[in-house]
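K.L.:
give me a 3D structure for the following:
(chains A and B)
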There are 2 protein chains.
Amino acid sequence: MNIYLDCIPCFLRQSIDAARKATTDTRVHEQVVREVLRLSGDLDLALPPPWVSQKINRLVVELTGVDDLYFDEKKSFNAQLMRLLPDLKSDIKKALDPLVEAAKLAIAANIIDLGAKASLSEKEIYDALRTACEVETHGDWSQFHRTLHSAEKILYLADNSGEIVADRLLIEQLGPKRVTLAVRGSAILNDATMTDAKEAGLDKIVDVIDNGSDAPGTILSDCSENFMKHFNEADVIISKGQGNFETLSEVDANIIFLFKVKCPVIGAHAGLPTGTHAMLLKSKK
Amino acid sequence: MNIYLDCIPCFLRQSIDAARKATTDTRVHEQVVREVLRLSGDLDLALPPPWVSQKINRLVVELTGVDDLYFDEKKSFNAQLMRLLPDLKSDIKKALDPLVEAAKLAIAANIIDLGAKASLSEKEIYDALRTACEVETHGDWSQFHRTLHSAEKILYLADNSGEIVADRLLIEQLGPKRVTLAVRGSAILNDATMTDAKEAGLDKIVDVIDNGSDAPGTILSDCSENFMKHFNEADVIISKGQGNFETLSEVDANIIFLFKVKCPVIGAHAGLPTGTHAMLLKSKK
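P.N.:
A predicted model of the protein is given here:
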């Protein structure tokens, strides 16, 4: 998905939020915004939107030295979801179709996205997760079952911290032996890294790799060789969240996209209204 | 009031909206946004925000030839408020303090602002106006009375079309003989120009001048000599709306600001929360 003009005000909003979170020095805030304005003025709109978010983050790190802006929030989201884990596990056990229920929960947990919304209360997250199965989720679940049934190697692309605990429940339903979990290579927004995978106990049940990139999505040209080997060898890729959808929606591979539509531009690209819980299937040509 | 970093995403949103309203040519949309990004990159933040909105409008006019983007909306707002006029008049007549009631109505009518909100329904406007006296309005009304009591010459700065019909009711309470009404020099957003003053029947009851400027506010250095004569000779200036507040809040004059706080940045500058109906008094040093 390329950059829409509507993404640009949002990039600037992200820059201001990130700069203010990193430092109280207003000169640095102004410097960050001016740099992002210059970068945006000459921007190649054919790039995916997370390319710009990556540049904004690098700029803030360079100018402030703060390299993990959402460290505290990530810890707190993981802890909150871990507390909820027994209840969520029992919701899934009781379901008629535990695999689909776990997928719906993993989609609902995609609400934990500080790129789309600057803050999020514990209650918002709790409500979203405990009502996950009641929310209508867009997607062909028979095809979902068929696609996963025949897959021997599944590469699971995590999105955010906290959310990754819900991903664990879906991975358990998939059967962890055939799954490799990929997280971001380093800190970007509240996206999950190796630390979050460990905090969610995922390193104990599944192979975890990082993608070698600090983009809030999966920009293949920016990923490590090791990640690309897993990507190319996977029978199916499960892609969580908007950032992965934005960067992979036009890549030729078998991909199951699980995400919540949190912005009208991505909604327009997916053909779905904002707020939709989406499961989209893409088959390799 | 100077430009805050938070204004910049909003300028870009305004640019996209204006470009799309003027033409369906996406190359022109992109050109407008790129120009505004360049202009913003080198922006002097000591300028008032309406300075940028003026530049955006000029750019869209230059690139598309469309010089009155909100022509239809302005006509429609005026017509709607003219239909409501008898009811509003009777609300004021019944009030214990008709002057204050008319001022509160004029503030409530400041909701009709397409710079702050891209669209507005007839019901939203109706509800805002018929409940104007019930809404708590921030301000010292005794001082308001005292300030106006002694004024021989009042310069009334209109803000938006539609809203200008409600201004007529306040001008009637003030006594039109001592009032000069000033409108914008040419079309900008849905701000009131001479055409709107005529559609509201104001040219029949009061002297109407234009300020010679196409800014959505009152940038004194951009106004005509004739306007400045009235501005300097007035005992009191009544300033309607956010744009006039943004451009005049630091000017040394006796000014009564009547506006609805529609953005958090202006709220912070005024020390009032978003949504406040405000009457602020400023005395000449």
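K.L.:
please make it C-alpha for all contacts and neighbour counts, starting now.
P.N.:
Noted.
K.L.:
okay, how far is it across stretch A:227-238, tip to tip?
P.N.:
With CA to CA, to the nearest Å as the measure, stretch A:227-238 spans 14 Å from end to end.
K.L.:
once you drop chain neighbours, what's closest to A:His138?
P.N.:
A:Ala278 (4.8 Å; CA to CA, 6 or more residues apart in numbering or on different chains).
K.L.:
using PDB, write out every CA atom in stretch A:31-39.
P.N.:
Provided in PDB are the C-alpha atoms of stretch A:31-39 (Å, rounded to 0.1, in the frame of the first residue of the first chain):
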ATOM      1  CA  GLN A  31      13.600  20.400  14.900                       C
ATOM      2  CA  VAL A  32      11.900  17.000  14.500                       C
ATOM      3  CA  VAL A  33       8.800  18.600  13.000                       C
ATOM      4  CA  ARG A  34      10.800  20.700  10.500                       C
ATOM      5  CA  GLU A  35      12.900  17.600   9.400                       C
ATOM      6  CA  VAL A  36       9.700  15.600   8.900                       C
ATOM      7  CA  LEU A  37       8.200  18.400   6.900                       C
ATOM      8  CA  ARG A  38      11.200  18.500   4.600                       C
ATOM      9  CA  LEU A  39      11.300  14.700   4.300                       C
END
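K.L.:
check which residues of it are buried.
P.N.:
A:31-34, A:36-39 (16 or more other CA atoms under 10 Å in any protein chain shown).
K.L.:
and if you look at stretch A:199-219?
P.N.:
Buried positions in stretch A:199-219, judged by neighbour count with 16+ other CA under 10 Å: A:199-200, A:202-203, A:206, A:208-219.
K.L.:
for the stretch 1-150 of chain A, give me the ranges with low pLDDT.
P.N.:
Residues of the stretch 1-150 of chain A meeting the criterion pLDDT under 70: A:115-118.
K.L.:
quick one, helices of it?
P.N.:
Counting by DSSP state H, counting those that start in this stretch, the stretch 1-150 of chain A has helices at residues A:7-22, A:26-41, A:49-64, A:71-94, A:98-108, A:122-130, A:141-149.
K.L.:
now render the ones you listed as a markdown table, adding distance to chain B.
P.N.:
Shown next, in a markdown table, are the helices of the stretch 1-150 of chain A (distance: least, CA to the nearest CA, whole Å):
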| stretch | distance to chain B |
| --- | --- |
| helix A:7-22 | 4 |
| helix A:26-41 | 5 |
| helix A:49-64 | 15 |
| helix A:71-94 | 23 |
| helix A:98-108 | 29 |
| helix A:122-130 | 23 |
| helix A:141-149 | 37 |
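K.L.:
pick the most deeply packed of these.
P.N.:
Most buried of these by mean neighbour count (mean count of other CA atoms under 10 Å in any protein chain shown) is helix A:98-108; its value is a mean of 25.
K.L.:
what would the helices of the stretch 1-150 of chain A look like in TSV with distance to A:Ser186?
P.N.:
Formatted as TSV, these follow (distance: least, CA to CA, whole Å):
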stretch	distance to A:Ser186
helix A:7-22	16
helix A:26-41	21
helix A:49-64	11
helix A:71-94	12
helix A:98-108	22
helix A:122-130	24
helix A:141-149	29
